[in-house]
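Student: fold the following for me, if possible:
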Amino acid sequence: MTLRDWQEEQLFILIREATNTEFGKKYRFPDLQRYEDFAETVPVSSYDDIANHIQQLKEGVSDLFWPGSINQFTVSAGTSGEGKHLPLTTKRLEADQRFMHKIVWSYLKQRPNIFRLWGKHISLPGTLNNKSDFEIGEISAFTARRVPWWLSPFQLVSTEKLIHLPFSQKVDRIVEKAINKDIRVITAVPSWLLTIFQRVLEQTKADTIAEIWPKLRLLVCGGVKLANYRPHLTKLLGNSDADFIETYGASEGYFAYSDALQKDDMKLVIDNGVFYEFVPHPLPDLDSLSIQQAIPLWDVEPDIPYAMLVSTNAGLWRYAMNDIVTFTQTNPPRIKVVGRVNDMLDDYGEALYSYEAASALRQATQSLNIEIGTFTIAAQLEKKETIPHHIWFIQTYDSLHTDTLRRLAAKVDEILGRENRHYQIRRESNALGMPKIRTISQQQINNWLEVRHKQKAQGKLPHILREEEDINFFTAHS
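Tutor: Down below sits the predicted model:
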């Protein structure tokens, strides 16, 4: 089968399933015979387009986008605004389980000795909330609840207990129980994995995690870009041969995973209840997405940033994700997640996308041999008589001298001026000053997440800070 065959098969499985829903009747699903019919008939949608229908689903209305009633909803981490509530169907949960099985079998092909993993497993899922007529929570909480029975004896802490605890208590409970156990596998967002490592080392006074968990073999990470954390996690692990697997999942679905331990891109899963389309980026915003601009998976090209649309077995149709991906290869498709559609800093006409900022920072730190984790940027105008500038808060693992930070800022400024025309014009015209760089720690990020009520399994620091109170928080703590 060709790539088109695989994906069209998924599309028409979805279409046949939803033929008798209100959405299927409205857009004449029985008349659709090929992808081009679907693309010409069904509009691209954003969350705002379906928010009212989500409320109807919560009130018990059935057969809107997907057959039957829906009483489970996933909530996004809310890094691009307030949390969004998306429908969760039985078909979607079954697809999520298949996705997890693909990861396991892929790993065992590369590391055939299953007894490497024969010990205790740590999982850090999100939280579920029970409403009167429905459940709502992070997708990791729903998937954790469906862990196969035969995996239960390996779980350090029952996932059923964890998903109902406040997040700070989850971490405390795990650290308390894990220190003297034979831990083999940990599944967590990289930032929380770092927090667990730091807490364990602080409590035990050990130098490396290998001293505490010498047989730790596998770290499964998602939700936050692993590359930002992997160097320091590796350093904290010490003399360990633990493997990393990265997954790309969201409230809308699970899409890709690292199937090759030595590669830093991910395999896009094309046969698991998701039909993909892509829109070349940059675009002004999600509202500018149009039917004419979207292309199917089989027409993408390498190294071009794309916004992603998904149609899924949770009843999402041509739904605009907020992520930007690039393809490292197209057949079979492999991707990297490089940024967010709405992550653009344009307070003073600089039109700086977060993925451009990430690329410039990566190049600058590599040239100066500096190791960092994640980062966030804000635009700041301190006094009326001064010009605005960008302030960068970068997560570091070692203290950096003031002069080093100045050299890093100059290098970032040089790279951005070379690669972003809008930024260069503002700098040359003295409409934007030299950027400033401050350092922050993972604990400070955790404190901010708590203050902002974003302390969740997939809670993360956005790459763009827009609120003055957030800028003030990190300025005061850096």
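Student: now do the same for the residue positioned nearest the centre of the chain: its pLDDT.
Tutor: Centroid-nearest residue in the chain: residue 223, 3.4 Å away (criterion: CA atoms, centre = their mean). Per-residue confidence (pLDDT) for residue 223: 83.
Student: that one against residue 460, yeah?
Tutor: Yes: using CB atoms under 8 Å, residue 223 makes contact with residue 460 at a distance of 6.7 Å. C-beta: built from backbone N, CA, C; applies to glycine.
Student: which one's the longest strand in the chain?
Tutor: strand 319-330 (DSSP state E).
Student: buried stuff in that one?
Tutor: For strand 319-330, a neighbour-count test (16 or more other CB atoms under 10 Å) marks 319-327, 330 as buried.
Student: return the residues in contact with residue 249.
Tutor: 99, 139, 222-223, 255 (CB atoms under 8 Å, 6 or more residues apart in numbering).
Student: for the residue lying closest to residue 138 once chain neighbours are set aside, the count of nearby residues, please.
Tutor: In space, and not counting its chain neighbours, residue 138 is closest to residue 126: 2.6 Å by CB to CB, 6 or more residues apart in numbering. Residue 126 has 25 neighbours, counted by other CB atoms under 10 Å.
Student: any idea which helix is longest in this structure?
Tutor: Identified as the longest helix of the chain according to DSSP state H is helix 90-110.
Student: show me where the stretch 351-478 of the chain has strands.
Tutor: Under the criterion DSSP state E, counting those that start in this stretch, strands of the stretch 351-478 of the chain are mapped to 352-353, 372-380, 389-396, 436-440.
Student: determine which stretch of the ones you listed is the most buried.
Tutor: strand 352-353 (a mean of 24; mean count of other CB atoms under 10 Å).
Student: re the thing from before, any idea how far residue 76 is from the residue nearest to the centre of the chain?
Tutor: From residue 223 over to residue 76 the distance is 11 Å, taken as CB to CB, to the nearest Å.
Student: likewise residue 10?
Tutor: As judged by CB to CB, residue 10 and residue 76 stand 23 Å apart.
Student: ditto for residue 356
Tutor: To residue 76, residue 356 is 24 Å away according to CB to CB.
Student: do the same with residue 400
Tutor: For residue 400, the distance to residue 76 equals 33 Å [CB to CB].
Student: ok, now residue 245?
Tutor: 23 Å.
Student: now the end-to-end length of stretch 425-439.
Tutor: End-to-end distance of stretch 425-439 (CA to CA, to the nearest Å): 27 Å.
Student: may I see the buried residues of it?
Tutor: By neighbour count on 16+ other CB under 10 Å, the buried set for stretch 425-439 is 426-427, 432-433, 435, 437-439.
Student: again, but for stretch 246-261
Tutor: Residues 246-259 are the ones in stretch 246-261 that count as buried (16+ other CB under 10 Å).
Student: where does the stretch 201-350 of the chain dip in pLDDT?
Tutor: Low-confidence segments of the stretch 201-350 of the chain (pLDDT under 70): 282-292.
Student: could you pull out the helices in it for me?
Tutor: Secondary structure of the stretch 201-350 of the chain (DSSP state H, counting those that start in this stretch): helices located at 209-212, 230-237.
Student: got the domain boundaries for this structure?
Tutor: With domains defined by automatic domain parsing, the chain comprises 3-88+273-340, 93-257, 344-476.
Student: so which of those comes closest to residue 266?
Tutor: Closest to residue 266 of the domains of the chain, according to CB to CB: domain 93-257, at 3.9 Å.
Student: and that closest one, end to end?
Tutor: Domain 93-257 has its terminal residues 17 Å apart, counting by CA to CA.
Student: got it, and stretch 203-216?
Tutor: End-to-end distance for stretch 203-216: 18 Å, by CA to CA.
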